[in-house]
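S.K.: sequence unavailable; structure follows:
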C-alpha cells in the first residue's frame, strides 16, 4: 500500500438483559413484529424511562474491563432527531458523561500485539427496526429500547485486519463477561467505521470519511479496504481534494460505499441532560463489587493455556474464540483431564461435531464429565483411540453415557501373550503372504494387522499388535 | 347551596349519613358540567356514563372530580387540548388518577387547557377559549383553565391540574380558589403528558386548603414508573392542616411588593398590592413574624427569560413523539418527512410552534452555551436565592399576578411592550418550579367583582408546613369555599 491508513471504529453491541434498558418490555429476539413492546417503546404520551440497573452494571463492567475511567455520577442525555424508527423523537444516550472514558486494551493481530485506545464507552437505547418494501415501510418496535453499548475507539488501526481483529476480540470480551451474545447474525453488533489516508511522513491526518451501519465483520473488512482503495486512487491521481469529509454507507450488494451526507448537512442533535432520570451516584463499593465479577479475559486465557499447559498458539487461539469453548475447556481441566488431550478433543472432534451440526457447545450432550469417561478409558488402556472416537460418536448420537460402550466385552486387548498366540496362528496359515512380503511386497504388513483386528473384532491394541507382527516378519526374513 | 359546593369532608358526611347518594352527586355534577360548558367552554369531554361508586371510609369515595386533559386516562379521550391528539384514547391511566379512582373517586369530565400546558391564558385549547366563571369576558389564566373554572363554579370539589410555570396557581387566583402543587416528585408524573419534564408538577385545584391536602394525600406516593418520585409515606397533609399554626416567620420580597417600585402603576396593581399588605397584617395578627427582604432585581427579572429558554427547550424535545405515525391523525405526504411535517403543521397552534422554534434555537450547538446553559445557571442562582431565604423563613409569601383576571382581548402571549418590573411580579411563581418547591395559592380578596390570590411557597419537602400556614391564613379570611356567580 502506498499510503498509511488511519482507521477508527464505533461498535454498537446489544446487551443481554431480561427487560429493555428503560422499559419493562422483554429484551429478546423475535421474528414476530411488535411482540416485546411496552408503552414507552412506542413513546405513548405520559410514559417515562426507568433505568434498568443490570444494564448500568454491565456497562460499568465493560468500562472496567477495558481500563476506562468511570464517572462519579451516572446520568443520561437526549439526542434529538426525527426518524421513523425513533418513536420518542430522541434517543436516550450518554454524551457528556459516558460510563467509561480513556481506556486501553491490547489485541493480537498477525502475531503482533497492538494497543487499542478507547475514547469512550456509553450506554444507550436501540431504535426500532424498519423493513422496506416496494412502496411501503413497516416499523417493528421489538428492538426499540433494547440496551446498546457503544464503544468508540481512537483512530488507532492501520489496516482492515487490525480493525476486524479488534472487533473479534471485543466480541469475545463481551461474551466472556456475559454481557452480550454478540451475535452478528441477529444484528447484535453494528459498526460505524472512520477511514482516512495519509503519507507515511505526514504529521496530520487526512480527510476523514465515516461509513455508517456496517453489520458484519466481513463487511467492516471489505468496507475499509474499499474506502482505502477509493481514497488512495484519488490521491494518486492528484485529486485528493475530491475526498470529502462525509458520511457514506456500505452497500453490501455492490460492495461499494455510497455517499449519504456531507459534513455541512451534519445533524445538530441538540443534546441535553435527560430530566426524567435523576443523577445516580456510582459508589466505589459498587465498582469493587462489579470488578470481582469480571472473569479472565480471552488474551489472558490464551497466554495461560500456552505457558502453563503448553498448548500451541493455534489451539489456544481456537479455544478462546468463544466463551463456551473456554468454559468447556476449563471444566475439563478442573476434572484433572490431561490439558493437551482435552485441547485435542475440543479443537478437533468436539468443535468439528458442533460446527458441522450447528450446535451450541453449551447444549452439547457430551459434557466434560462424559468426555472424561472416554479419556479415562484410553488412559487405562481399556479402549484404543480409534474406539474412543467411535464411542464419542455413538454417545453423541444415541445420547447415552460413554461408559455404557466401554464394557469388558469391547475392552482393548493389551495382553501380549494372548496377542502372540493369535498372531502366531495367523502367520501359520499365511505362508503365501509371508513369502510375497519377503519378496518385497511390504505393504502386506497392513494385511497382517487387518487379520489380527478381524480376529479380535478390533479390540487388539494396535501398537502392541504392530510390534509383534514386526518381530515375526523380521524373524521370517532372517530365515 | 348544593352538596357539590361544599367541602370534601361535608360531602363525605352527607354520603355516610345518607342525605345524598353518589349517584345523585354524579348526576348533578354532569348536569352542572353541561351548564358550565355552555358558559365557560371548560371541558373537552363530559363523561355522561360515569358510574357511582361505593362510599367507604375514604373521604374521596363516591365523590366526582375533574381531570385536566393532559392526564392519560384509559379508554377516555385525552387530547392535551391539541389537534395532534384530537382522537387519542389512551390504554393506560396516569398513576395519580388511578390512585384517586382506587380510593373510590369518580372522574366525571376532562377539562380543557392551554394546548399541552403551554400558555397562561386558556385561549389555545383546540376546543376554543375557556372563560372565567366570575366574568366570562375575562380569562381564567392557564394552563389548568378548565379545571379552575369548573371548581370555581362548583361542578365538584376538586379537579386535577398540572403546573410547569404557574399553571395551577395562577388560574386558581384568577378564579378565586385554591391551587396547590406539592414538592417535585411527590406526585408521580407517569401518565401526565410532558411539557417540560424538569418543571412539570401534578397538583390540584380546590376551594379550600384542607381539600387540597385530602386530595394530594391520595394522589401522592413513590411510583416505580417515575424515577423522580419519592417516598412521602411519612407526610400526612390533612393531619398537618389540623395542627395548630406551625410557621413562625415568613418573608416577602420588596422589589415585587412595594408599589413605589413601579412606574405609573395601573389602578388594579395598586389595589392588588394594598390588598396583599392587608393579608400580611392578618398574618402578623396571627402571630407570624413577617419581614421584608430584598432580592437582586436583575435576577428576579431574569426569571421569565430563564423559564422561556428552559421550558421551550424541553418542550421541543418532549413533544417530538407527536409525528402522527403511531398515534394522532396521520399526516399526508410522499415521504416520512412530509407526513410528519403535515401532521405537526396542522396539529399545533401558532403559539406552540413559536415555542418549538425558540426551544430548537436555544439548544443548537452554537447557541447552547449562551442560552440553554446560561438559563440553567440562572435557574440555579434563583433556586439558591430562595433556599437561602428558607434558611431564615418558613415561607416566602407573595401576591399572585398583577391583579385580577385579565380581559380575554389582552392575551398575554401576544408580543407587545414588556414592563420588566410588572413582568417579574407576573412570573415569579416559576421559581417554585425551578426549585421544585411546594407552593399554594389561596384567594385573599376581590378587586371589583373579581377575585385575587396570594401565594405561599416553602422549601422542598416542607409541604406540611406550607399547607398548615395556608390553612390557618385561609381561616382568617372570608373566601374559603367560595364559588362564582355564573353557576347560580
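M.R.: That came through, no problem. A quick note: this is a predicted structure, and the numbers were derived from the prediction, not measured.
S.K.: please count neighbours and contacts with C-alpha atoms only from this point.
M.R.: Fine.
S.K.: surely residue B:25 is within a helix?
M.R.: Yes: under DSSP: H, G, I helix; E, B strand; the rest coil, residue B:25 sits within a helix.
S.K.: quick check: it touching residue B:55?
M.R.: No: assessed by Cα atoms under 8 Å, residue B:25 is found out of contact with residue B:55, at 12.0 Å.
S.K.: settle it for me: which of these two has more neighbours?
M.R.: Between residue B:25 and residue B:55, residue B:25 has the larger neighbour count (other Cα atoms under 10 Å in any protein chain shown), namely 22 against 19.
S.K.: in the stretch 1-150 of chain A, which residue sits closest to chain B?
M.R.: Using Cα to the nearest Cα, residue A:46 is the residue of the stretch 1-150 of chain A that sits closest to chain B, at 3.9 Å.
S.K.: and that residue, how many neighbours?
M.R.: 22.
S.K.: what sits against the residue nearest to it when sequence neighbours are not counted?
M.R.: Leaving aside its chain neighbours, residue A:46 sits nearest to residue B:191 (3.9 Å; criterion: Cα to Cα, 6 or more residues apart in numbering or on different chains). With contact set as Cα atoms under 8 Å, 6 or more residues apart in numbering or on different chains, residue B:191 has these partners: A:45-47, B:71-73, B:92-95.
S.K.: do that again at 6 Å, thanks
M.R.: Residue B:191 sits next to A:46-47, B:71-72, B:94 when contact means Cα atoms under 6 Å, 6 or more residues apart in numbering or on different chains.
S.K.: quick one: pLDDT of the residue of the stretch 351-479 of chain A found nearest chain B?
M.R.: Taking Cα to the nearest Cα, chain B has its nearest neighbour within the stretch 351-479 of chain A at residue A:362, 36.2 Å off. Note on residue A:362: pLDDT of 87.
S.K.: that one - how many residues pack around it?
M.R.: 13.
S.K.: wait, a strand at it?
M.R.: No: secondary structure of residue A:362 (three-state DSSP): helix, not part of a strand.
S.K.: residue contacts, it?
M.R.: So residue A:362 contacts nothing (Cα under 6 Å, 6+ apart).
S.K.: local confidence estimate at residue A:438?
M.R.: pLDDT recorded at residue A:438 is 84.
S.K.: ditto for residue A:453
M.R.: Value for residue A:453, per-residue pLDDT: 86.
S.K.: how far off centre is the helix or strand where it lies?
M.R.: Assigning secondary structure by DSSP states H and E places residue A:453 in helix A:445-456. Distance, stretch centre to chain centre, for helix A:445-456: 45 Å (Cα atoms, centre = their mean, to the nearest Å).
S.K.: buried sites along that helix?
M.R.: Under the neighbour-count criterion of 16 or more other Cα atoms under 10 Å in any protein chain shown, helix A:445-456 has A:445, A:448-449, A:451-453, A:456 buried.
S.K.: near chain B too, which of those?
M.R.: Among the buried residues of helix A:445-456, not one lies near chain B by Cα under 6 Å from any Cα of the partner chain.
S.K.: output those as JSON lines; include the columns distance to residue A:52.
M.R.: Converted to JSON lines, the buried residues of helix A:445-456 look like this (distance: Cα to Cα, whole Å):
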{"residue": "A:445", "distance to residue A:52": "70"}
{"residue": "A:448", "distance to residue A:52": "70"}
{"residue": "A:449", "distance to residue A:52": "67"}
{"residue": "A:451", "distance to residue A:52": "69"}
{"residue": "A:452", "distance to residue A:52": "68"}
{"residue": "A:453", "distance to residue A:52": "64"}
{"residue": "A:456", "distance to residue A:52": "65"}
